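Engineer: Got a predicted model here, sequence first, then my questions.
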Amino acid sequence: TPEQIRSTTGSYGVPEFGTPFVRNMLEDTKPKTFAELVKISGLSHGTDVWLNNAADLVAGKYDKFGKIEFKNVIGCRDDIMVYLMYGGLEPALAFKIMEFVRKGMASKVPDGWKEFEEEMRKHNIPEWYIWSCGQIKYMFPKAHATAYVLMAIRIAWFKVHHPIYYYCAYFSKRADVFEMEAILRSMGVKTAWSGHTLELDCNKICETGIPGEETRTMRSSILLLGSMLGRCKRIRIGYPGGCTIGARPVDLHLDAMKKMGVLIRETEGEICGECPEGLSGAHIHFPISSVGATENALLAGVTARGETFLENCALEPEIMHLCHFLQAMGAEIRGIGTRKIWMRRAAALRDVEYTIPTDRIVAGTCLYAAAATRGHIGLKDVDPQEMKSVLRVYEKMGGQWEMRSGTLRANAAGIRFPVEQVCTMPYPGFPTDMQSILMSVLLTVPGESRIEERIFEKRFQIVEELRKMGGRITVTGRQAVVCGGRKLTGT
């Protein structure tokens, strides 16, 4: 029901239509035809095309324009040329106006726009249409929008008619990958899936503004900061969102960019960065070890003039994997896997094929799921060195494991021991992302276990839900005492 999924649309997990921003558009417009879905796609990829523009027209915000039907608003750049030609303008002039509008020139060259306004009024083009054109900063081509909608419909068909196949595919790919892919496409990146392989063609970046509606659900969207400043020398990005597990300010990211010569302006809900002369190498010391800030500095550093030296870097394996990826592209990096990393810009970063290593948190989640059921599990291509702390706790609970032919084979039949104390710590300590999963497992183990959360102050939000299932958990500050062994019931 809409109450259960917290939405009146069923487009969760469908490319193009699954983000909160686009789901809100679907609820506001209620599209009924393929053409209107294409319009939705175009509106969602443009800048000042839906927000501050078509959304207000559809809602009837301006009395002088009245309420405009959704099917009539401008959705893609091609719509402008076709509409103006039907309105009587010469094809060449209609094309010029379309190009002027889709590049956002109306606000940049007001005198030129006045001339085009006069031409449109001569042909009785409605005032609301002229106003709408003047608001636009960037517009998406209809061919791209159509291709994306066709792809989305294919996937939606499987969701409706073959849900088992759909969800098997969906949960075998990280949902946030789809979210990031949508953001990249809105910037002009061409993407194509083949099985579990994603091909990215980043030759043409046509948009450096990423609205908050796109970034609000993804903490990792902030990682576009360093790479976009290195590539385009400017970026406008909404503040990142994500899960509400505690304070995670972006100050460390911004401070690193400032040291590399970036002028940062923070407005309500947005971060704007510019470096007209490009990034400059710098000596950056992180006051607090941060995975995201280290990654952002790495992505910026490989395009910066001169040398960049990072101190107090995060040690998480993901940092090493990123360094290896950048090295494969031609970057010169030293100190991988240490607190101090040195890098120098390559003459040119090259195309690369790269296999992303197994996610240690996903592997740990599967391992602990088997622990909760006292089952056997085989995890292929995992690195036990990256999972030392997770495996150590698994062993304390009574689980057994071994590496055999590249597969971690685990047997949870003997799990029956509580864990005296587990503290979440930065790598190589026990990961905070595994804490709530461990808590669930410990509820199935008779006895008293203790978990101390040292990373995020709101990581115990799961406690209330587990209590509804019959779990006995006491929280004092950052310490949780789990009394396991009681029968749990679904809610």
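Structural biologist: Arrived safely.
Engineer: From N296, how far off is L326?
Structural biologist: Using CB to CB, to the nearest Å, L326 is found at 13 Å from N296. All C-beta atoms are positioned from the backbone trio N, CA, C, and that covers glycine.
Engineer: Ok, G87 next?
Structural biologist: G87 is 48 Å from N296, by CB to CB.
Engineer: out of those two, which sits in the busier spot?
Structural biologist: N296 (24 against 14; other CB atoms under 10 Å).
Engineer: what does the model give the more buried one for pLDDT?
Structural biologist: What the model reports for N296 is a pLDDT of 96.
Engineer: and what of G242?
Structural biologist: 51.
Engineer: Likewise for L310?
Structural biologist: 97.
Engineer: Report the beta-bridge partners for it.
Structural biologist: I284, I341 (DSSP bridges).
Engineer: Do a quick rundown of the helices in the stretch 151-300 of the chain.
Structural biologist: Secondary structure of the stretch 151-300 of the chain (DSSP state H, counting those that start in this stretch): helices at 163-172, 175-186, 212-215, 224-232, 251-259, 291-301.
Engineer: unless I'm mixing things up, Q479 is touching I451, no?
Structural biologist: Yes - using CB atoms under 8 Å, Q479 is in contact with I451, at 7.4 Å.
Engineer: who's more crowded, these two?
Structural biologist: Legend: neighbour count by other CB under 10 Å for Q479 and I451, higher for I451 (24 against 14).
Engineer: Doesn't the more buried one belong to a helix?
Structural biologist: No - applying DSSP: H, G, I helix; E, B strand; the rest coil, one finds I451 to be strand, outside a helix.
Engineer: What's the end-to-end length of stretch 185-194?
Structural biologist: One end of stretch 185-194 to the other measures 17 Å (CA to CA, to the nearest Å).
Engineer: Residues in contact with it: which ones?
Structural biologist: For stretch 185-194, the surrounding residues in contact (CB atoms under 8 Å, 6 or more residues apart in numbering) are 44-45, 140, 148, 181, 184, 198-202, 204-208, 210, 214.
Engineer: at 6 Å what do you get?
Structural biologist: Stretch 185-194 has contacts (CB atoms under 6 Å, 6 or more residues apart in numbering) with H45, E181, E199, L200, D201, C202, K204, I205, C206, E207.
Engineer: Buried ones among those?
Structural biologist: H45, E181, E207 (16 or more other CB atoms under 10 Å).
Engineer: Could I get those in CSV, plus columns for distance to N24 and pLDDT?
Structural biologist: Listed next are the buried ones among the contacts of stretch 185-194 as CSV, based on distance: CB to CB, whole Å; pLDDT from 0 to 100:
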residue, distance to N24, pLDDT
H45, 15, 81
E181, 20, 85
E207, 20, 78
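Engineer: all strands in the stretch 251-400 of the chain, in order from the N-terminus.
Structural biologist: All strands of the stretch 251-400 of the chain, identified by DSSP state E, counting those that start in this stretch, fall at 263-267, 270-274, 283-285, 307-311, 332-334, 341-344, 376-380, 400-404.
Engineer: confidence score at the residue located most distally from the centre of the chain?
Structural biologist: In the chain, the residue that sits farthest from the middle, by CA atoms, centre = their mean, is K122; the gap is 45.7 Å. Reported pLDDT at K122 in the predicted model: 94.
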